[in-house]
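[1] let me see the structure of the following:
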Amino acid sequence: MTRVGSASLTAPDCHRPRPRAAIARLRGWRAGCAASECLIATTTALTYLRISANRTSEHASIEQQRADCTALAARLGYVRTVEFVDEAVSAYQDRARPAYQQLLRQLEGSEAGTVVVWHLDRLYRKPRELEQLLDLLDVRPIRVESVQGGSFDLNRHEGRLFARQLVAFANYESAHKGARVARAQQQRATRGLLHGGRHYGYLDNGTLYPPEAWTLRRIVDSYLAGLSVALIARQLTHAGIPAPAGGTSWGATTVRAILTSSRLHAQRGAHQGRWERAITPDESALIRAIPLGPRRDATRSSATLLGAMARCGRCGNRLVSAVTSKGQRVYRCRAQSTSCGRVAADMQRTDRAVISEVARLQSSASTRLPVCTPATLLAMLTAASTEMITAAEQYGAGKITHEVFLRRRRRSTSIIAEADTDLRRHLRVKLLRQHPDAASTIDVLAVGHQRTIIDAPVSCLTIQPGRPSESFDSRIELRPRA
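    So this is what the prediction gives:
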């Protein structure tokens with residue numbers, strides 16, 4: 001009699017007599033396989049491979065499991081295998097196992113099948129997963145063959161008893177191991193060491209990983225130069241730099257997570273990190289202070305040098321890029337209810353004139369840092385922002401009057417403006433030191449970096465209306481930053 005659902009290491013005994021009902025059921029299953037490609041062929045075995053984490057050597061790796069399972073399938077007489085792989089997915093934690101669920105769906109849609117695993121705990125590690133598999137065994141013949149872990153006939157009560165005992169011990173071992181790992185990670189955090197899973201830019205011992213550390217440095221420099229996280233993500237994707245999650249597609253969320261991570265700032269809650277620093281304490285304070293200040297013009301997304309940065313000298317609204325009916329690219333004021341729509345300037349001439357004027361301003365700009373340190377600026381901005389939020393909540397709850405709310409908001413706004421002036425000066429000095437000769441290098445930089453160089457020494461860029469006979473340079477007004 002054929003043993004269906006067993007986990008033995010020997011080849012199936014095809015010479016034992018089968019009951020008539022079993023023979024009829026098997027013939028019907030084979031006929032169904034020939035009629036439909038979605039059913040599993042008798043010469044095909046399904047192999048399920050899983051590993052919890054690649055960095056551990058507790059279990060056989062995926063390649064080792066594949067080799068052992070393929071060899072077992074060949075010994076059992078199967079000429080073809082279909083793989084279902086869950087890599088770096090734990091069977092104990094409440095995480096979805098896509099390949100395992102796909103395997104169950106394949107078995108549900110077939111009259112019979114054979115599953116080959118390296119060990120039974122690769123297939124399930126929780127009691128409810130075993131019961132889900134046993135439910136399938138009750139309605140259709142399924143063989144479960146394992147390379148390691150003994151032999152269980154899951155169609156017999158004794159085999160199911162031993163399988164349930166095995167999964168109970170495996171579940172206990174996983175929970176016990178999880179408690180040990182959590183306690184060890186808690187101790188590492190208390191000591192200020194890296195803990196947890198993947199640490200982009202770092203090795204497990206807390207030292208910088210040069211290829212990824214270079215990307216961290218690029219992200220930090222770009223952000224401190226004034227680029228938005230969305231623009232930084234687009235540049236990294238265009239450069240083909242590997243992303244933390246794999247592939248080369250970067251998102252603004254990923255860049256923002258790196259900039260705000262406690263790992264980058266060498267801080268784990270109340271504990272100071274003892275791993276190698278990727279940035280200086282001043283850079284850390286500046287990165288955390290930037291989101292608390294007003295939005296800078298250079299961070300506005302634009303494919304042109306001065307789009308949304310230059311303003312109309314007549315109505316004060318921002319100029320946008322446009323193309324005339326003759327194909328000329330210009331900056332113009334939009335013709336809408338809040339804009340005059342009467343100012344336009346040739347884009348190429350405007351860019352050239354502004355770059356020349358910015359180079360002159362940079363040559364006379366001071367590279368001396370303000371007296372207020374980045375840490376002090378961060379504390380001022382944090383306190384003022386918190387005060388504004390608190391005042392708004394108290395006013396909304398009816399605890400303070402409207403006059404008190406306005407007074408507290410004006411005081412907080414004044415502090416933020418004062419701190420933002422020094423913050424901009426810190427960032428401007430850093431940018432000037434990175435690009436001391438912007439006039440000769442600005443053409444080779446991306447548009448985003450070009451905009452930050454223009455924005456650093458210029459507080460306001462205005463284009464006045466004028467006639468064609470009027471001097472073009474006289475229409476451009478640049479107000480230098482203090």
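[2] name the residue closest to the centre of this structure, please.
    Centroid check for the chain by Cα atoms, centre = their mean gives Thr254 as the closest residue, at 3.6 Å.
[3] and it, how far from Gly246?
    As judged by Cβ to Cβ, to the nearest Å, Thr254 and Gly246 stand 11 Å apart. (Each C-beta comes from the backbone N, C-alpha and C, glycine too.)
[4] over to Thr304?
    34 Å.
[5] between the two, which one's more packed in?
    Thr304 (19 against 7; other Cβ atoms under 10 Å).
[6] give me the phi and psi for the more buried one.
    Note on Thr304: backbone dihedrals following degrees, to the nearest 10 are phi -120, psi 170.
[7] name the SS class of the residue nearest to it when sequence neighbours are not counted, please.
    Nearest non-adjacent residue to Thr304, counting by Cβ to Cβ, 6 or more residues apart in numbering: Ser321, 4.5 Å away. Secondary structure, DSSP: H, G, I helix; E, B strand; the rest coil: Ser321 is strand.
[8] just to revisit the earlier point, I'd say the residue nearest to the centre of the chain and Arg234 touch.
    No - here Thr254 does not reach Arg234: they are 12.0 Å apart, not a contact under Cβ atoms under 8 Å.
[9] my guess is the residue nearest to Thr304 meets Cys333, correct?
    No - counting by Cβ under 8 Å, Ser321 stays clear of Cys333, with 11.8 Å between them.
[10] in what helix or strand does Cys45 lie?
    To be clear, residue 45 is Ala; Cys isn't right here. strand 44-51 (DSSP states H and E).
[11] can you tell me what sits against that strand?
    Residues outside strand 44-51 that contact it (Cβ atoms under 8 Å, 6 or more residues apart in numbering): 40, 59-62, 65-66, 69-70, 73, 76, 78-89, 91, 97, 99-100, 103, 106-107, 113-118, 122-123, 145.
[12] among those residues, which are in helices?
    Of the contacts of strand 44-51, the ones assigned to helices by DSSP state H are 62, 65-66, 69-70, 73, 99-100, 103, 106-107, 122-123.
[13] re the thing from before, what lines up beside the strand holding Ala45 in the sheet?
    strand 80-87 (parallel), strand 113-117 (parallel) (DSSP bridges).
[14] winner for burial among those?
    strand 113-117 (a mean of 25; mean count of other Cβ atoms under 10 Å).
[15] any idea how far that strand is from the chain center?
    Once both centres are worked out by Cα atoms, centre = their mean, to the nearest Å, strand 113-117 turns out to sit 36 Å from its chain's centre.
[16] can you list contacts of that strand?
    Contacts for strand 113-117 (Cβ under 8 Å, 6+ apart): 40, 45-49, 69, 72-73, 76, 78, 81, 103, 106-107, 123, 140, 142-147.
[17] ranges for the strands of the stretch 151-300 of the chain?
    267-268, 271-272 (DSSP state E, counting those that start in this stretch).
[18] by mean pLDDT, show me the worst of those.
    For the strands of the stretch 151-300 of the chain, mean pLDDT drops lowest on strand 271-272, to a mean of 62.
[19] what about Ile454, neighbour count?
    26.
[20] what domains does the record give for this structure?
    Domain assignment for the chain by automatic domain parsing gives 20-170, 210-279, 299-480.
[21] so for Ala289, which of the ones you listed sits nearest?
    domain 299-480 (4.5 Å; Cβ to Cβ).
[22] I'd say Ser339 and Cys312 touch.
    Yes - Ser339 lies in contact with Cys312 (Cβ under 8 Å); the separation is 6.9 Å.
[23] which of the two has more neighbours?
    Neighbour count, other Cβ under 10 Å: between Ser339 and Cys312, Cys312 has more, with 24 against 19.
[24] what sits against the closest residue to that one other than its chain neighbours?
    Of all residues not flanking Cys312 in the chain, Cys333 sits nearest, at 4.1 Å (Cβ to Cβ, 6+ apart). By Cβ under 8 Å, 6+ apart, Cys333 lies in contact with Cys312, Arg314, Cys315, Asn317, Leu319, Ser339, Cys340, Gly341, Arg342, Val343, Ala344.
[25] redo that, cut-off 7 Å
    Cys312, Cys315, Asn317, Leu319, Ser339, Cys340, Gly341, Arg342, Val343 (Cβ atoms under 7 Å, 6 or more residues apart in numbering).
[26] isn't the last one right next to Cys312, touching?
    Yes - at 4.6 Å, Val343 counts as touching Cys312 under the criterion of Cβ atoms under 7 Å.
[27] before we move on, the earlier item: give the contact list for the residue nearest to Thr304.
    Contacts of Ser321 by Cβ under 7 Å, 6+ apart are Thr304, Gly307, Arg329, Tyr331, Met347.
[28] for Thr376, same thing?
    With Cβ under 7 Å, 6+ apart, Thr376 has no contacts at all.
[29] does it sit in a helix, a strand or a coil?
    Thr376 is classified as helix under three-state DSSP.
[30] burial measure for the closest residue to Asp221 other than its chain neighbours, as a count.
    Leaving aside its sequence neighbours, Asp221 sits nearest to Gln434 (Cβ to Cβ, 6+ apart; 7.0 Å). Gln434 has 14 neighbours, counted by other Cβ under 10 Å.
[31] once you drop chain neighbours, what's closest to Tyr223?
    Counting by Cβ to Cβ, 6+ apart, the residue nearest Tyr223 is Leu259, at 6.0 Å.
[32] and that neighbour, how many residues sit next to it?
    Neighbours of Leu259 (other Cβ under 10 Å): 21.
[33] now for Tyr48, how many residues are close by?
    By the criterion of other Cβ under 10 Å, Tyr48 has 24 neighbours.
[34] my read is Cys460 is in a strand, agree?
    Yes - judged by three-state DSSP, Cys460 forms part of a strand.
[35] I'd like to know how many residues surround it.
    What Cys460 shows, counting by other Cβ under 10 Å, is a neighbour count of 14.
[36] looking at it, it is touching Arg479, isn't it?
    Yes - the pair Cys460 / Arg479 is scored as a contact, 4.1 Å apart, by Cβ under 7 Å.
[37] ok, Ser110 to Val82 distance?
    With Cβ to Cβ as the criterion, Ser110 and Val82 are 11 Å apart.
[38] and stretch 304-324, which residues are buried?
    Neighbour-count burial for stretch 304-324 flags 304-314, 317-321 (criterion: 16 or more other Cβ atoms under 10 Å).
[39] from those, which is closest to Ala163?
    Closest to Ala163, out of all of the buried residues of stretch 304-324 and judged by Cβ to Cβ, is Ala308, at 66.0 Å.
[40] related to what we said a few turns ago, could I get the domains of the chain as a markdown table with distance to Leu286?
    Putting the domains of the chain into a markdown table (distance: least, Cβ to Cβ, whole Å) gives the following:
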| stretch | distance to Leu286 |
| --- | --- |
| domain 20-170 | 34 |
| domain 210-279 | 6 |
| domain 299-480 | 5 |
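[41] ok, which of these comes nearest Arg288?
    domain 299-480 (5.6 Å).
[42] name the residues that touch stretch 275-288?
    Stretch 275-288 is contacted from outside by 193-194, 201-202, 206-208, 213, 216, 220, 223-224, 259, 264-266, 374-375, 377-378, 426-427, using Cβ under 7 Å, 6+ apart.
[43] start to end distance for that stretch?
    20 Å (Cα to Cα, to the nearest Å).
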